[in-house]
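>>> A structural model of the following input is requested.
(2 chains)
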Amino acid sequence: MDIGSLLISMGSMGGLGALFSTGLSIANKKLQVDEDPKVVALKEELPGANCGGCGYPGCGAFAEAVAAGEAEVTDCSVASMDAIEEMANILGVEVSASENLIARVMCQGGNYETAKKAEYEGIESCLAVKMLGGGEKLCEYGCLGYGECVDACSFDAIYMGDNGLPIVIEDKCTGCGNCVDACVRDVIELHPQSEKLFVLCKNHDNPKESRQLCTKACIGCQICVRAAGDDNMYMDNNLARVNYDNYGKDVNLPTDKCPTDCLVVLNAEEAGLEEDQEQAA
Amino acid sequence: MNLVLIFISAAIVNNFVLAYFLGICPFVGVSKKLSSAISMGMAVTFVMTISAAVTWLIYHLILVPFNVVILEYVAFILVIASLVQLVEMFIRKVSKPLYDTLGIYLPLITTNCAILGLALFAVLREYDFIESLIYGVGAGAGFTLALVIMAGIREELELANIPKPFQGAGITMIVAASLALAFMGFAGLISI
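Numbers count the residues shown, from 1 in each chain, chains lettered A, B, ... in the order given. Sure thing, here's the model as predicted:
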């Protein structure tokens, strides 16, 4: 290897590199694409967490979809109301305030209410408990109480109450649905914030059994259905349900008629009770 | 006649994806939707054709006369990278949705071994300029063909009831393997 071939190598490669880079920089000028200023502004307002909750790969793709009119600004369930209004301003549209979804724990069978079949000592995980014979509680539908949902929540909106049931803090819940996916018993459901009336039970067992399993179980007595009327509530396999299309948002209900207190009206103070106390103190 | 044989050989018999297993990354990555598979095939075909021509010129007009054939890898990669940049700018200018669909796989054509493989094979087989060009077009057509078949099957699979253990990557690998097996049937049709 003499110095000549070294120079030739350097010269030829350098020459080629210079040639191509010149070509590319010219092409870059000619084929310049200006990014839509709207998209840039929208990206600023979005949370930037790229959680994918909106169905787009990330906040950038969502911003482009919104700017193109393919998506609504409200499709981002994580962005705060302020951010959504800001985005609406950028686009010059009115937001029809879509309702916030809140995760609701549809079970009241805590440590004091449910009958137990065994003591569990093992990994503190609902999944592990479920695989090991379905947990301590006799109820096969209710919350297992090992806080899989608490771990799943990215917003610290769920904590385990004293009674061994998860409690959702309404103010912090963004309705992303991570806890719904995490729950091995499908006890958590997403409901619009205005819906306050719930049958907080998932038990489909026949009345005789469910009555023995849990003091707060829906025992299928149908008292509520008769009181509210068939249009407003209905029975689904031994379990009373609210027909939210017609009803449910109205909270003036004879909930006191439920013999097991599983038909309840939730309100913000109740759901975030301990949180409020903390803030007050 | 020789040109036709080179084309068929590159496109079908020695298909870059299904016989040489080059360019597997976009083959699996962009074959979910038929429309994006076709566009990806077009982009790769374009880069292949042009790079076949340009690398031939560089090899025979620069590398051989200056006796620096040892630098062919560097030079070829330079050509391919520049061409991909050009294609990327062009697609972004012309069709933003297509740019978004292709996503990361567009810049990844740079490191697509099918294209470097094409340039090196063309040198190895001592093709002349026109033959190189046809070889590039054929290889691109073969790549597009493989991608389109794969995308068609995967679109159908979306509706199929796949057993749980095979869902996702598993069934994709099985389909790719079956395709490769099927293309093995062409082996020996042309020996070029």
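
>>> from here on, contacts and neighbour counts on C-alpha atoms
Fine.

>>> next, the contact list for the nearest residue to residue A:180 once chain neighbours are set aside, please.
Of all residues not flanking residue A:180 in the chain, residue A:188 sits nearest, at 5.2 Å (Cα to Cα, 6 or more residues apart in numbering or on different chains). Counting by Cα atoms under 8 Å, 6 or more residues apart in numbering or on different chains, residue A:188 touches A:103, A:104, A:105, A:106, A:179, A:180.

>>> can you flag the buried ones in the residues you listed?
Buried subset of these (neighbour count, 16 or more other Cα atoms under 10 Å in any protein chain shown): A:103, A:104, A:105, A:106, A:179, A:180.

>>> so the first one is in which element?
Assigned by DSSP states H and E, residue A:103 belongs to strand A:101-105.

>>> pull the distance from that strand to the chain's centre.
Distance of strand A:101-105 from its chain centroid, counting by Cα atoms, centre = their mean, to the nearest Å, is 7 Å.

>>> what comes into contact with that strand?
Residues outside strand A:101-105 that contact it (Cα under 8 Å, 6+ apart) are A:166-168, A:170, A:173-175, A:177, A:179-180, A:187-193, A:200.

>>> mind checking which of those residues are in strands?
A:166, A:167, A:168, A:188, A:189, A:190, A:191, A:192 (DSSP state E).

>>> count residues in the vicinity of the nearest residue to residue A:215 once chain neighbours are set aside, would you?
Counting by Cα to Cα, 6+ apart, residue A:215 lies nearest to residue A:113, which is 5.2 Å off, once chain neighbours are set aside. Using other Cα atoms under 10 Å in any protein chain shown, residue A:113 has 15 other residues around it.

>>> now do residue A:113 against residue A:126, distance only.
Using Cα to Cα, to the nearest Å, residue A:113 is found at 19 Å from residue A:126.

>>> quick check on residue A:240: phi, psi?
Main-chain dihedrals, residue A:240, degrees, to the nearest 10: phi -70, psi 140.

>>> is it correct that residue A:180 is in contact with residue A:168?
No - with contact defined as Cα atoms under 8 Å, residue A:180 does not count as touching residue A:168 (11.9 Å).

>>> okay, and residue A:241 sits in which element?
Judged by DSSP H and E, residue A:241 forms part of strand A:239-242.

>>> which residues does the next helix or strand after that strand contact?
Past strand A:239-242, further along toward the C-terminus, the next helix or strand under DSSP H and E is strand A:263-265. Residues from elsewhere that reach strand A:263-265 (Cα under 8 Å, 6+ apart): A:196, A:197, A:198, A:199, A:200, A:251, A:255.

>>> and those residues, which is closest to chain B?
Taking Cα to the nearest Cα as the measure, chain B lies nearest residue A:200 of those, at 33.1 Å.

>>> flag the shaky bits of chain B, pLDDT-wise.
Residue ranges of chain B with pLDDT under 70: B:1, B:191-192.

>>> oops, could you answer that again for the stretch 151-281 of chain A instead?
For the stretch 151-281 of chain A (pLDDT under 70), the answer is A:247-254, A:267-281.

>>> try 80 this time
For the stretch 151-281 of chain A, applying pLDDT under 80 flags the ranges A:154-155, A:176, A:193-196, A:228-232, A:244-257, A:265-281.

>>> pull the contacting residues for the spatially most central residue of chain A.
By Cα atoms, centre = their mean, chain A has its centre lying nearest to residue A:177, at 2.0 Å. Taking Cα under 8 Å, 6+ apart, we find residue A:177 in contact with A:103, A:190.

>>> now it: phi and psi?
According to degrees, to the nearest 10, the main-chain angles of residue A:177 amount to phi 90, psi 10.

>>> now swap in residue B:155 and tell me
Phi and psi for residue B:155, reported as degrees, to the nearest 10, are phi -70, psi -40.

>>> which of the contacts of strand A:101-105 are buried?
Buried by 16+ other Cα under 10 Å: A:166-168, A:170, A:173-175, A:177, A:179-180, A:187-191, A:193, A:200, out of the contacts of strand A:101-105.

>>> which two of the contacts of residue A:188 have the greatest separation?
A:106 and A:179 (12.5 Å; Cα to Cα).

>>> show me what the residue nearest to residue A:180 is bridged to.
Assessed by DSSP bridges, residue A:188 has beta-bridge partners residue A:105.

>>> any idea how far chain B is from it?
Note on residue A:188: its distance to chain B, by Cα to the nearest Cα, to the nearest Å, is 25 Å.

>>> repeat that for residue A:35.
Using Cα to the nearest Cα, we find residue A:35 at a distance of 11 Å from chain B.

>>> and the helices in the chain, which stretches?
I went with chain A, as the question did not name one. A:3-30, A:37-45, A:59-67, A:81-91, A:126-131, A:148-152, A:178-182, A:207-213, A:223-228, A:268-271, A:273-280 (DSSP state H).

>>> hm, I was asking about chain B
In chain B, the helices defined using DSSP H lie at B:2-8, B:24-29, B:34-58, B:72-94, B:96-102, B:113-124, B:129-157, B:169-184.

>>> how about the fifth one, which residues are buried there?
Neighbour-count burial for helix B:96-102, with 16+ other Cα under 10 Å as criterion, is recorded at B:98, B:99, B:101, B:102.

>>> what does the shortest one give?
When burial is assessed from 16+ other Cα under 10 Å, helix B:24-29 yields the following buried residues: B:24, B:25, B:26, B:27, B:28.

>>> the first one: what's it in contact with?
Going back to what we said before, that points to residue B:24. residue B:17 are the contacts of residue B:24 under Cα under 8 Å, 6+ apart.

>>> what's the neighbour count on residue A:10?
Residue A:10 has 12 nearby residues by other Cα under 10 Å.

>>> so what's it scoring on pLDDT?
Here, the pLDDT recorded for residue A:10 equals 88.

>>> ok, it to chain B distance?
Applying Cα to the nearest Cα, one obtains 10 Å for the distance of residue A:10 from chain B.

>>> can you pull the residues of chain A lying near chain B?
Neighbours of chain B within chain A, by Cα under 8 Å from any Cα of the partner chain: A:5, A:8-9, A:12-13, A:16-17, A:20-21, A:24, A:27-28, A:31-33.

>>> PyMOL command to pick out the buried ones of those?
The buried subset of those, as determined by 16+ other Cα under 10 Å, is captured in PyMOL by this line:
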select buried, chain A and resi 9+12+13+16+17+20+24+31
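
>>> quick one: name the residues of chain B near chain A.
So chain B meets chain A at B:62, B:66-68, B:71, B:74-75, B:78-79, B:82, B:85-86, B:89-90, B:92-93 (Cα under 8 Å from any Cα).

>>> if we use 10 Å, what do you get?
Chain B has residues B:58, B:62-63, B:66-72, B:74-75, B:78-79, B:81-83, B:85-86, B:88-94, B:96, B:100 near chain A, with proximity defined as Cα under 10 Å from any Cα of the partner chain.
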